[in-house]
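>>> Got a sequence here, can you model it:
(2 chains)
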There are 2 protein chains.
Amino acid sequence: MNDETIVKIVLNNWSTTIARANVLFDNLSEEKLLTKVAPNRNTGLYILGHLIAVNDMLLPLLNLEKSMYPELKDSFLKNPDSAKIQSHKVADLRQNWTTVNSKLQTHFDNLTVNEWLQKHGSVSAEDFIKEPHRNRLNVVLSRTNHLNYHLGQLIFLKD
Amino acid sequence: MNDETIVKIVLNNWSTTIARANVLFDNLSEEKLLTKVAPNRNTGLYILGHLIAVNDMLLPLLNLEKSMYPELKDSFLKNPDSAKIQSHKVADLRQNWTTVNSKLQTHFDNLTVNEWLQKHGSVSAEDFIKEPHRNRLNVVLSRTNHLNYHLGQLIFLKD
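Numbering: from 1, shown residues only, chains lettered A, B, ... in the order given. Predicted coordinates:
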């Protein structure tokens, strides 16, 4: 009973943060998203692509399914350079953002408490015995932090 | 057993974020903290004072004890204006930040799972029956988000 309540709190925290990001992205024009959030810092487009790539990687990391957008991983996580980043269109990224989050949410809604406490994909069975906190739920918590961190930057694109 | 693991994950998430903030503040000079994080945005000093005031308010909100720095609540939460904000010294704020977080951590270390799931101070007993997620743990989660949001901004003060 308690564990269900707490898992629900953590998942609500994720979905509330995603909802907040959606409102922000919906209120930023393409022109704004092509602007840097601060002098010499990333553009809104880069941060959007980066957040999609991170969420997309949750699919394999949480042992749910294969990632949907490996090309975004290359542009926005592994080997970002301005030519690659600028080759992506804001309209496509907006669509990818919605699609990957919707796919994640469907999986999240179906996992049981015990499944949330199973190990994530980057920890060995051996290490997991010693470090049981390295589970799926912990990954979602850490990604929620990461999303909030970038929301604090994206807000600077608002007038 | 499960519920203890999950509470521990949420609390580790809090203390890891505080530790990350400490590293960042320790690496920012007084001069840097007096700078705006982006054009026409808040200074590092303001964000530091704001984060102390928010953490300080956790003491009464989590029914732990009275707040330590009501004067910071006025300057950085309720009625911020540049004269009030600038009347605070960076060195004092650094000390307040350490003190309030240390006090919170001592309380956090002593709460049981059931105590974490008790209602926070801004929800009525009646509403809490209908909305049991409005508990202490949820507040800590939400404040961890808030801290990450501002860390994403403070990082712009780094060279």
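
>>> ok and the longest helix that chain A contains relative to helix B:2-26, angle-wise?
Across chain A, the longest stretch assigned as helix under DSSP state H is helix A:2-26. Here helix A:2-26 runs at an angle of 40 degrees relative to helix B:2-26 (axes from the mean of the first three to the mean of the last three Cα atoms, to 10 degrees).

>>> Show me the helices in chain A, by range?
Using DSSP H, helices in chain A cover A:2-26, A:30-33, A:44-61, A:70-73, A:82-86, A:90-110, A:113-116, A:125-130, A:136-154.

>>> mean pLDDT lowest for which of those helices?
When the helices of chain A are compared on mean pLDDT, helix A:82-86 scores lowest, with a mean of 90.

>>> contacting residues for the closest residue in space to residue A:73 that isn't next to it in sequence?
Closest residue in space to residue A:73, ignoring its immediate chain neighbours: residue A:53 at 5.0 Å, by Cβ to Cβ, 6 or more residues apart in numbering or on different chains. C-beta here means a position set from N, CA and C on the backbone, and glycine is covered the same way. By Cβ atoms under 8 Å, 6 or more residues apart in numbering or on different chains, the contact set of residue A:53 is A:69, A:72-73, A:75-77.

>>> So what does the nearest residue to residue A:134 once chain neighbours are set aside look like in phi/psi?
What sits nearest to residue A:134 in space, not counting adjacent residues and going by Cβ to Cβ, 6+ apart, is residue A:123, at 4.4 Å. Main-chain torsions, residue A:123, degrees, to the nearest 10: phi -120, psi 140.

>>> isn't residue A:123 right next to residue A:129, touching?
No - counting by Cβ atoms under 8 Å, residue A:123 stays clear of residue A:129, with 10.0 Å between them.

>>> The two: which has the busier surroundings?
residue A:123 (17 against 9; other Cβ atoms under 10 Å in any protein chain shown).
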